[in-house]
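In: Just to be clear, the model below is a prediction. Sequence and coordinates:
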Amino acid sequence: MGVLRAGLCPGLTQDMVQLLQSRGIKTVVDLVCADLEEVAQKCGLSYKALVALRRVLLAQFSAFPFNGADLYEELKTSTAILSTGIGSLDKLLDAGLYTGEVTEIVGAPGSGKTQVCLCVAAHVAHGLQQNVLYIDSNGGLTASRILQLLQARSPDEEEQAGALQRIQVVRAFDIFQMLDVLQDLRGAVSQQVSSSSGTLKVVVVDSVAAVVAPLLGGQQREGLALMMQLARELKTLARDLSVAVLVTNHMTRDRDSGQLKPALGRSWSFVPSTRLLLDSTQSSGSLGSWRVVCLTKSPRLPTGCQETVDLGSLGTPEQSPVFQGDHT
Amino acid sequence: MRVERITEEAGQVSQNVFEFLRAPEPEASCSQAADASPSVFRLTSQGAADAGVRARLALGARECARRWFEMQRDLVSLPLSPAVRVKLASAGFQTAEELLEVKPSELSKEVGISKEEALETLQIIRRECLTNKTSYSVTAESGRKCTALELLEQEHTQNFIITFCSALDNILGGGIPLTKTTEICGAPGVGKTQLCMQLAIDVQIPECFGGVEGEAVFIDTEGSFMVDRVVDLATACIQHLQLIAGTHMEEEHPKALQDFTLENILSHIYYFRCRDYTELLAQVYLLSDFLSEHSKVRLVIVDGIAFPFRHDLDDLSLRTRLLNGLAQQMISLANNHRLAGKVGDMLLQYGLSFTGTKSKDGISLEKELATRSSNLAWKTPWTEEPGRLQPVGSQESDTT
C-alpha cells in the first residue's frame, strides 16, 4: 500500500502526515495497523479524525469483494471460446481457446509451436474476424507464412489483406520491452484507441521462455520476480480485457531423471490454466510434418488425451473443426 | 462491465466509467457525515453503517476504475537496479505513479540512496510513464508495432545475401535472410569458417549484381580466420563479377565494379578476436553502438559461438543463461539494424548438437539460439564419403 502523502484522501493534510511520520507511521499499512488511541495521544490529533481517516483509507485501498453469483453472470456474458482452426487442437481444448485464461503450448525446438500460433492468428483474424496481437520475441514470425495460411483458406485477396490488417505484430526481445508492450496495450484499450474492425480477442506471446530464460537461475532472485510480474500482467490482461492469451514455452531436460519437461520451472507451471505438449512422432522421424499433441494440464478435460496434427496442411479445410467433427 | 453494476448498487446510475470518474467525490460525503455526528463512530447506528457501506462501494468501484485506467505500474516492472528497488520497497513505494511527484533530494533522504541514484531512478520512471501516456494513438517508438500487412510488404522488399552456391541458395529460399539469425553447425573441418568467409565477401556485392552492398563484422573465437584465404576468395569473386559484367552491356555494372576492389573488400570486413566468453559477451553487447556508427553493416558473423563456452565454465546454469541472453541480444540486433546474424558452431562428430561436458544434456544450441530461419547440418557419415549437405530445416516449412 502506498506511502502517506497529503491529498491521498480527503482529511489527510500535510501537517497530519508530518506528525504521523515523526511517530514512525509512514505508510497506509502502518496507520491501519496502529492503535489509534495511542497515536491520537502521541501525535495530538483527534481520535475522531483518525478513525475517519482509517475508514476512508480502508475503503480506498482494500480489495473489493464479489458475489459469486455476480461473478458467474459476468463470466457467462464475457467469456468467449475461440476456435483455433485446427480440429484436433479444438478437441483437446474443449472447443477452443477460452478468453480470460492463459493457454500454453510447450515443445522442443522445431516441434511446431510457432506454426500453431500463426495458424491460430490467421484463423481468428480471418475466420472469426477479430483482432489479434502477436508479440514476437524470437524472430520466428514471417508474414509470408501467415499469407500462405490465409491463401489456403480463401483465394480472395481483399479478405486476405483485411485479415492481415487485423493482426498487430510487436517485437519485444527482452523482459522490460515485453512488460512495456503489455502496459501499452492496457493504455490503448483504456483510451479507447482501437481499430474500427473488431475487438482484440487473442494475444499471442511467442515465446515467453526466450525473454525469461536469461533471467532465471543463479544467485539472483530478480529473475523470478520479473517472471511472476509478467505472469501477473498476462493473467490480469486476460481477465480484464477478456482476451485469450496463448503463450509458447521451450522444453528442458530434468537434471535428475533426464526426462524432457517444460522450461521455466515449477513457478511458471501454475500460470497457464491449460498446457499442450507438441511432440514429433518417432515413426516419421524429424523430417515429417506430423506432430502428436498431448494435453498435460487442463481445468476441464482429463489430462493425457492425445491427438495428431499435420503441420504441413495447417489451415486447409480438412483440418478445420467442421470436418473433423464428423469423424468422431 | 463490473463498475456499472456497482454504481447501481451505490445509488448512482452512470452510463460509462468515465462519467463515473467525473462524478463528485463520494469520499467528501463520507467525511462530512463523519464530522457531522459523533455517533457515527460508535459503530452502532444503522444510518452511519449504510452511509459507510454505500460510500465504500462507491469508493471501491471508483478506485478499481481508477487503478485500472490509470495503470499504476509496479516498480518491479521497471529496469531499476535491485539495490535501489529493495530500498524503495522498504520505504513503502510500490507503484511508479507514487514516485512521479517526488523530487530527487526528497527521495534520496526518504529512501536512503544517493542523490545520483535518486535522479537516475526518477529519470527512468518519468521516461517510462510519460512515453506510455503520450504514445497510445501513435505506433510505438522505433516502429516496433505494425500490422501483418505492413510486415508482409517489408518482407517482399527484403534482400538476401547470396552464397554463390545455388543449391544452398535454393534451400535457404534465396540466400541468408536479413533480420534473422542463421546457424550453421557441423563437425570440425567440414567448412563452416570457409562459408563464413565467403559470406563476408558476398555481403559486399553491389546491388546491381543482386547483392546487398553492405559491410560485415566478423567475430572470431577460434582464431580460424585466415586473411590469405579471404584474399583468394575475394579475387575469385571479383573475377566472377567481371565475367558477369562482361555479358551485360549496361552502364552501371562496370562502374560498380570499380569500387569492388580487393582493398575495399578487405577494409569493409571488421574483425574482432574474442578469446573467452567474457570478451564475446562484451563484444556482442557493445555491438549495437558499433552498428549505429557503421550503418552499412549488413552481416554479423560469430565464428564458433560454442567454443568459448565449452571449457572454463563449470556452472551449467550460468552457461544456459548466458547463451540465452546472447541469443536474444543477437536477434534483437538483427531485427533493429536489419542485418543477418550468422553463427558457426562446432559440433561433435555424432551429429548431435552442442553437448559439452554433460553428455545427457540434450539442450541443443539451436534451442538456445532459437534460430528460426535455417539450421544447416553437415552430416559426415562413417564411410567417409565427401560430406553431403542436408537441410535440417528450411524457411518455407519452418518446422524443424
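Out: The structure has been received and is ready for your questions.
In: Check the secondary structure at residue A:106 for me.
Out: Taking DSSP: H, G, I helix; E, B strand; the rest coil as the rule, one finds residue A:106 in the strand state.
In: Count the residues that sit near it.
Out: 28 (other Cβ atoms under 10 Å in any protein chain shown). Quick note: C-beta positions are derived from backbone N, CA and C, even for glycine.
In: And for residue B:293?
Out: Residue B:293: 7 neighbours (other Cβ under 10 Å).
In: That one and residue B:194, how far apart?
Out: Separation of residue B:293 from residue B:194 (Cβ to Cβ, to the nearest Å): 29 Å.
In: Just to check, residue B:121 is in contact with residue B:79?
Out: No: when contacts are counted by Cβ atoms under 8 Å, residue B:121 is not listed as touching residue B:79 (10.3 Å).
In: Looking at those two, which is more packed in?
Out: residue B:121 (25 against 14).
In: That one in helix, strand or coil?
Out: Applying three-state DSSP: residue B:121 is helix.
In: mind listing what it touches?
Out: B:80, B:84, B:88, B:99, B:107, B:113 (Cβ atoms under 8 Å, 6 or more residues apart in numbering or on different chains).
In: Where is pLDDT lowest across those residues?
Out: Lowest pLDDT among the contacts of residue B:121: residue B:99, with 77.
In: give me the element it is part of.
Out: helix B:96-100 (DSSP states H and E).
In: quick one: buried residues of that helix?
Out: Across helix B:96-100, burial judged by 16 or more other Cβ atoms under 10 Å in any protein chain shown covers B:96, B:97, B:98, B:99.
In: repeat for stretch A:74-92
Out: A:74, A:80, A:82-92.
In: quick one: terminal-to-terminal distance for it?
Out: Terminal residues of stretch A:74-92 lie 25 Å apart, using Cα to Cα, to the nearest Å.
In: That stretch near chain B at all?
Out: Yes: Stretch A:74-92 comes into contact with chain B (Cβ under 8 Å from any Cβ of the partner chain), by way of residue A:74.
In: before we move on, back to that, which of the contacts of residue B:121 fall within helices?
Out: B:84, B:88, B:99, B:107 (DSSP state H).
In: Which one of those residues is nearest to residue B:338?
Out: residue B:84 (35.3 Å; Cβ to Cβ).
In: pretty sure the closest one is in contact with residue B:113, am I right?
Out: Yes: assessed by Cβ under 8 Å, residue B:84 is found in contact with residue B:113 at 5.7 Å.
In: Now do the helix or strand containing residue A:248: distance to the chain's middle.
Out: Take DSSP H and E as the rule and residue A:248 turns out to sit in strand A:244-249. Its chain's average C-alpha position is 7 Å from that of strand A:244-249, according to Cα atoms, centre = their mean, to the nearest Å.
In: follow-up on the earlier one: for the buried residues of stretch A:74-92, work out which two are farthest apart.
Out: A:74 and A:88 (31.5 Å).
In: the helices in chain A, which residues?
Out: Under DSSP H, chain A gives helices at A:14-22, A:28-33, A:36-43, A:47-61, A:68-78, A:87-92, A:113-126, A:143-153, A:157-165, A:175-190, A:208-212, A:222-241, A:265-269, A:321-325.
In: hey, least reliable of those by pLDDT?
Out: helix A:321-325 (a mean of 48).
In: quick one on the thing from earlier: could you see whether chain A lies near the helix holding residue B:99?
Out: Yes: part of helix B:96-100 sits near chain A under the criterion Cβ under 8 Å from any Cβ, namely residue B:98.
In: Can you dump the C-alpha atoms of that helix in CSV for me?
Out: This file holds the C-alpha atoms of helix B:96-100, laid out as CSV (Å, rounded to 0.1, in the frame of the first residue of the first chain):
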residue,chain,number,x,y,z
ALA,B,96,5.6,4.2,-10.3
GLU,B,97,2.9,6.8,-10.0
GLU,B,98,3.8,7.5,-6.4
LEU,B,99,7.3,8.5,-7.4
LEU,B,100,6.3,10.9,-10.1
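In: which other helices and strands contact that helix?
Out: Applying 3 or more Cβ pairs under 8 Å, 6 or more residues apart in numbering or on different chains; DSSP states H and E, one finds that helix B:96-100 contacts helix B:115-134.
In: The helix it packs on to helix A:175-190, inter-axis angle?
Out: Angle of helix B:115-134 versus helix A:175-190, following axes from the mean of the first three to the mean of the last three Cα atoms, to 10 degrees, is 40 degrees.
In: just checking, next helix/strand downstream of helix B:115-134?
Out: Assigned by DSSP H and E, the successor of helix B:115-134 is strand B:145-147.
In: Tell me the helices and strands packed up against that following strand.
Out: Using 3+ Cβ pairs under 8 Å, 6+ apart, strand B:145-147 sits against strand A:167-171.
In: Please work out the average pLDDT along the strand it packs on.
Out: The model assigns strand A:167-171 a mean pLDDT of 91.
In: For it, enumerate the helices and strands it packs against.
Out: Using 3+ Cβ pairs under 8 Å, 6+ apart: strand A:167-171 touches helix A:113-126, strand A:131-136, strand B:145-147, helix B:148-156.
In: Now do the same contact list for the nearest residue to residue A:13 once chain neighbours are set aside.
Out: Nearest residue to residue A:13, sequence neighbours excluded (Cβ to Cβ, 6 or more residues apart in numbering or on different chains): residue A:6, at 5.8 Å. Taking Cβ under 8 Å, 6+ apart, we find residue A:6 in contact with A:12, A:13, A:14, A:16, A:17.
In: what separates residue A:6 from chain B, distance-wise?
Out: 11 Å (Cβ to the nearest Cβ, to the nearest Å).
In: got a pLDDT number for residue A:297?
Out: Reported pLDDT for residue A:297: 91.
In: Enumerate the beta-bridge partners assigned to it.
Out: Beta-bridge partners of residue A:297, counted by DSSP bridges, are residue A:275.
In: So it sits against residue A:270, correct?
Out: No: applying Cβ under 8 Å as the test, residue A:297 and residue A:270 come out as separate, 9.6 Å apart.
In: ranges for the helices of the stretch 201-350 of chain B?
Out: Applying DSSP state H, counting those that start in this stretch to the stretch 201-350 of chain B gives helices spanning B:227-247, B:252-259, B:262-267, B:277-293, B:307-310, B:316-336.
In: circling back to that earlier point, the buried residues of stretch A:74-92 into TSV, with extra columns for distance to residue A:104?
Out: Listed next are the buried residues of stretch A:74-92 as TSV, based on distance: Cβ to Cβ, whole Å:
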residue	distance to residue A:104
A:74	25
A:80	19
A:82	16
A:83	18
A:84	13
A:85	18
A:86	16
A:87	20
A:88	17
A:89	13
A:90	16
A:91	17
A:92	13
